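Asks: I would like to see how this sequence folds:
(one chain, ligands or ions: 1)
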Amino acid sequence: MVTLDTQDKAIITDAPALPACAICFDIGGSTVKTALAHGGGADPVTGLTPLGRQPTPLNDLGDFAAVIEKQVELHAPDPALPISISITGVIDPETGILTCANIPCVDGIALADRLAERLGRPVQVNNDAACFTIAEARRGAGRGYPIVFGAILGTGVGGGLVINGRLVQGAGGFAGEWGHGPIAATLAGDPPVDIPRFACGCGQKGCVDTIGGARGLERLHSHLHGVTLTSREIIDRWNAADQSAARTVEVFVDLVSAPLATVVNIVGAHIVPVGGGLARAENLIERLDEEVRKKTLYRFDRPLIVRGDCQVEPGLVGAALIATGN
Ligand SMILES: [Zn+2]
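Replies: Now for the predicted structure:
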């Protein structure tokens, strides 16, 4: 048995001898990842066994459910084992209705109820940014802090809020979604440059999501320099002291730090672990931390915006922790 371990900063330690306590899924627009969570006694989740990945069926709910069902039958036949899912999309806590543009066949349905009916056991479904934040708050960089705001800087921008170890879902399940709303500055950097109010997939213009994730970094670089590069190329060039890339990063940090500082003020966050692809650029997170701390009302004398500890499968880790209430 191969047990998942984040190696440098272990969220989940190796304990393969303990029994399974939940089967977990992390479902994105391209793959369904499965893992079995292990644990026992006072620490219900101590290990995760990855069980591979399958392509996500996008257009047929029957096919989608069959992927889950097959994994459950194969790896977790005991009906007492709960099923916990981390998914891209927002779940209304009142109705259980999922809004999920990336996977049309589950958009607009109460996915947890549908799967529970088909599989005959409890199913929980949570947003992937929420699962990341639970993982960080209970086992990662947020451990020991009462208010943890998890910020995702992935392809786009997302977030989750955990207070005293509990996930805050909010009206419609949108708590933590700082990526949307027409608030991005239209002037940024020193010297200032005009930033267009880019159209966002949510229907508004000027959302943080349009400038704040990997696609946003690429969009800014293209806007500033007329050159198309991947976010990784931009970060690599910045690290190699390329002036154009440095300008892009400076404008990016200026644009993203202001709304993030506002979030910290509003929710009273003690710590902001960052996940998603851009969190791998540790120096970018350090720059963001410097700028956000200049803009928050409270003067933090320690890092506030930090790279999340759980960079390996945070969706699965969070789903496991939610399933076991740990
Ligand atoms: Zn938007």
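Asks: and stretch 31-43, which residues are buried?
Replies: Neighbour counts over stretch 31-43 (16 or more other Cβ atoms under 10 Å) mark 32-39 as buried. Where C-beta positions appear, they are placed from N, C-alpha and C, glycine not excepted.
Asks: Pull the most distant pair out of the residues you listed.
Replies: V32 and G39 (22.7 Å; Cβ to Cβ).
Asks: count of residues packed around the residue in the stretch 51-200 of the chain positioned nearest to the ion?
Replies: In the stretch 51-200 of the chain, the residue that lies nearest the ion is C200 (3.1 Å; Cβ to the ion). For C200, the neighbour count with other Cβ atoms under 10 Å is 21.
Asks: shouldn't H221 be in contact with E250?
Replies: No. H221 is beyond contact range of E250, at 11.6 Å (criterion: Cβ atoms under 8 Å).
Asks: Who has more neighbours out of these two?
Replies: When H221 and E250 are compared for neighbours, H221 comes out ahead with 25 against 18, by other Cβ under 10 Å.
Asks: and the spatially closest residue to the more buried one that is not a sequence neighbour, which of the three is it?
Replies: Closest residue to H221 apart from its sequence neighbours, by Cβ to Cβ, 6 or more residues apart in numbering: T248 at 4.4 Å. Three-state call for T248 (DSSP: H, G, I helix; E, B strand; the rest coil): helix.
Asks: wait, the residue of the stretch 51-200 of the chain closest to the ion sits on D209?
Replies: Yes. Between C200 and D209 there is a contact at 5.5 Å, judged by Cβ under 8 Å.
Asks: Overlap of the contact sets of those two?
Replies: Common neighbours of C200 and D209 are listed as H180 (criterion: Cβ atoms under 8 Å, 6 or more residues apart in numbering).
Asks: Could you list the residues of this structure in contact with the ion?
Replies: Residues of the chain that fall close to the ion, judged by Cβ under 5 Å from the ion: 180, 200, 202, 204, 207, 209.
Asks: so how far is V32 from the last one?
Replies: It stands for D209. Going from D209 to V32 by Cβ to Cβ, to the nearest Å gives 24 Å.
Asks: Run through the stretch 1-150 of the chain and note the low-pLDDT ranges.
Replies: 1-17, 41-44 (pLDDT under 70).
Asks: So which residues of it form strands?
Replies: Assigned by DSSP state E, counting those that start in this stretch, the strands in the stretch 1-150 of the chain fall at 20-27, 31-40, 43-55, 83-87, 90-91, 98-99, 123-127, 147-153.
Asks: Spit out the contact partners of P259.
Replies: Counting by Cβ under 8 Å, 6+ apart, P259 touches 178, 183-184, 208, 212.
Asks: Mind pulling up the pLDDT for the closest residue to L297 other than its chain neighbours?
Replies: If the residues on either side of it in the chain are set aside, L297 comes closest to N265, at 5.4 Å by Cβ to Cβ, 6+ apart. Note for N265: predicted pLDDT of 98.
Asks: Quick check: what element follows the helix or strand encompassing N265 along the chain?
Replies: Following DSSP states H and E, one finds N265 within helix 243-267. Downstream of helix 243-267, the next assigned helix or strand under DSSP H and E is strand 272-275.
Asks: which residues sit against that following strand?
Replies: Contacts for strand 272-275 (Cβ under 8 Å, 6+ apart): 129, 132-133, 136, 140-142, 148-154, 260, 263-264, 285, 288, 292, 304-311, 314.
Asks: And the next helix or strand past it?
Replies: As assigned by DSSP H and E, the chain's next helix or strand after strand 272-275 is helix 282-295.
Asks: helices and strands around that following helix, which ones?
Replies: If contacts are counted by 3 or more Cβ pairs under 8 Å, 6 or more residues apart in numbering; DSSP states H and E, helix 282-295 sits against helix 231-239, helix 243-267, strand 272-275, strand 305-307.
Asks: Let me know the angle separating the second one from helix 231-239.
Replies: Meaning helix 243-267. 110 degrees (axes from the mean of the first three to the mean of the last three Cα atoms, to 10 degrees).
Asks: for helix 243-267, which positions count as buried?
Replies: For helix 243-267, using 16+ other Cβ under 10 Å, the buried residues are 244-245, 247-264, 267.
Asks: domain ranges for this protein?
Replies: Using automatic domain parsing, the domain ranges for the chain come out as 2-131+312-324, 144-307.
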